[in-house]
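Asks: sharing a model that was predicted from the sequence below.
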Amino acid sequence: MKPIVKWAAAALMLAAAPAASADEVLKVAVFAPLSGAAAGWGLGAKWVGEQAAKEINDQGGIKAGGKVYKVESIAYENGYNSAEGAKAAQAILNRDGIRFIIQGIGTAPVKALQSLSERQGALMMQVAWGKSVKGPQAPLTFTNSNTPFELFGPLFDLVKKQHPEVKTVALLNPNDATGHEVEEEAEKQYRARGYDIVAVTWYERGTTEFQPIATKLAQTHADMMDLSGAPPGDSGMVYKELAVQGWKGVKMQAAGTGADAMVKVGGDAVEDVYMGNAADFGGPAATPIQRKLNEGALKALNEPLNILQLGAWDGLMAVKAGIEKADSIDPKKVAKVLPTIIFESSYGPTAFGGMETYGYPQQMLVPIIVTQIKHGQTVEIARIIPAELEQRLAKKP
């Protein structure tokens, strides 16, 4: 064979050979509102998901089945409603073929995605506040942050201790799947503590005029107003209108994820609001990775990190740990091992539990953090470690 022919043949053989050292790409999804009143949650989760993917890639990727996977996190707009959620679900599962969702926000859109993800064998991490998305019928669905069924009891106990004079409560929630499930649990927990529920009020997502709603609430003369399921922007407007009406009492926003969004809208009217879903991730109680992410969020998003956004980090870290334990990227195999492992979250070592509440161990066990708005800032009042997590960690070899 002539030299040039030999060279050409060798080149062809080399080109045809697979690149054994090339990394595979594992795409994961963030499924969240990227516009509207809850956009801050989704945009932040998108950014955090990207940071989590970068962290994993910088550390060498995910190893399973003899392969190394680089992670790519992609955000999808779910509109915070069922219709948009269903469209995004089709894009994630059928158009893009993604089988790991690291964060899902909003009960209604999460239900829309879940109706497909469970059937198609996709694993979803989410923070929907509805109890109906969990249980033995949904073995591929996990929750990466606390929900009302973890935090309402401890939150209400703390407020009752600090305000023993409060006897009556008025509730306001969005008129959708999230709002109805939140209201049911809130009412149950308030009544168990001897409170009188004087009003249960609803509003439609997308409402921009809250004066009539505030007037109705103010006329109840409730000692405490609870806007548990409302996003921060809506809550800020309601409390601002309540202040105009002259109402003064204890303010609760269990879904509150931080002071910034409420203060921007409500100003001084949101001072002293209690929040059950917020934290000071730049403070002394935060872990090093939480402080690092918080600093990045301040630069990238112009607001501090919140719990719902942080869920994207913990969701992806749980997925990574599950894949490596199962030694497979098969979502069903990963879902099977997740309840058995202890892994490193942004809070430190954690695990999944919640069998007693949901009938299946799919709740990530992370601290319950109670905060209050003071001088326009999020101030941590208490941090409660779940007893189930303490028990799991005590048994760790």
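Replies: Arrived safely.
Asks: can you pull out the helices in the stretch 51-200 of the chain?
Replies: Here the stretch 51-200 of the chain has its helices, by DSSP state H, counting those that start in this stretch, at 82-90, 107-120, 148-162, 177-192.
Asks: where does the stretch 151-300 of the chain have low pLDDT?
Replies: The model of the stretch 151-300 of the chain has no residue with pLDDT under 70.
Asks: in it, which spans are strands?
Replies: 168-174, 196-203, 224-226, 250-253, 274-275 (DSSP state E, counting those that start in this stretch).
Asks: just checking, what packs against the first one?
Replies: Meaning strand 168-174. Using 3 or more C-beta pairs under 8 Å, 6 or more residues apart in numbering; DSSP states H and E as the contact test, the elements touching strand 168-174 are helix 177-192, strand 196-203, helix 211-218, strand 224-226. All C-beta spots, glycine's among them, are computed from the backbone N, C-alpha and C.
Asks: dump that strand to CSV, keeping only the CA atoms.
Replies: Provided in CSV are the C-alpha atoms of strand 168-174 (Å, rounded to 0.1, in the frame of the first residue of the first chain):
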residue,chain,number,x,y,z
THR,A,168,-59.2,34.9,65.8
VAL,A,169,-57.7,34.3,62.4
ALA,A,170,-58.8,35.3,58.8
LEU,A,171,-57.3,33.2,55.9
LEU,A,172,-56.6,34.4,52.3
ASN,A,173,-55.4,32.0,49.7
PRO,A,174,-55.3,31.8,45.9
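Asks: show me the beta-bridge partners of the residue lying closest to residue 320 once chain neighbours are set aside.
Replies: Counting by C-beta to C-beta, 6 or more residues apart in numbering, residue 62 is the residue found nearest to residue 320 once chain neighbours are left out, at 5.2 Å. Beta-bridge partners for residue 62, by DSSP bridges, are residue 69.
Asks: which residues touch residue 62?
Replies: 26, 56, 68, 69, 71, 320, 323, 324 (C-beta atoms under 8 Å, 6 or more residues apart in numbering).
Asks: on that earlier part again, could you dump the strands of the stretch 151-300 of the chain to JSON lines with mean neighbour count and distance to residue 346?
Replies: As requested, the strands of the stretch 151-300 of the chain are exported to JSON lines (neighbours: other C-beta atoms under 10 Å; distance: least, C-beta to C-beta, whole Å):
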{"stretch": "strand 168-174", "mean neighbour count": "24", "distance to residue 346": "28"}
{"stretch": "strand 196-203", "mean neighbour count": "16", "distance to residue 346": "33"}
{"stretch": "strand 224-226", "mean neighbour count": "26", "distance to residue 346": "28"}
{"stretch": "strand 250-253", "mean neighbour count": "25", "distance to residue 346": "23"}
{"stretch": "strand 274-275", "mean neighbour count": "27", "distance to residue 346": "19"}
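Asks: list the contacts for residue 199?
Replies: Listed by C-beta under 8 Å, 6+ apart, the contact set of residue 199 reads 170, 171, 216, 217, 220, 222.
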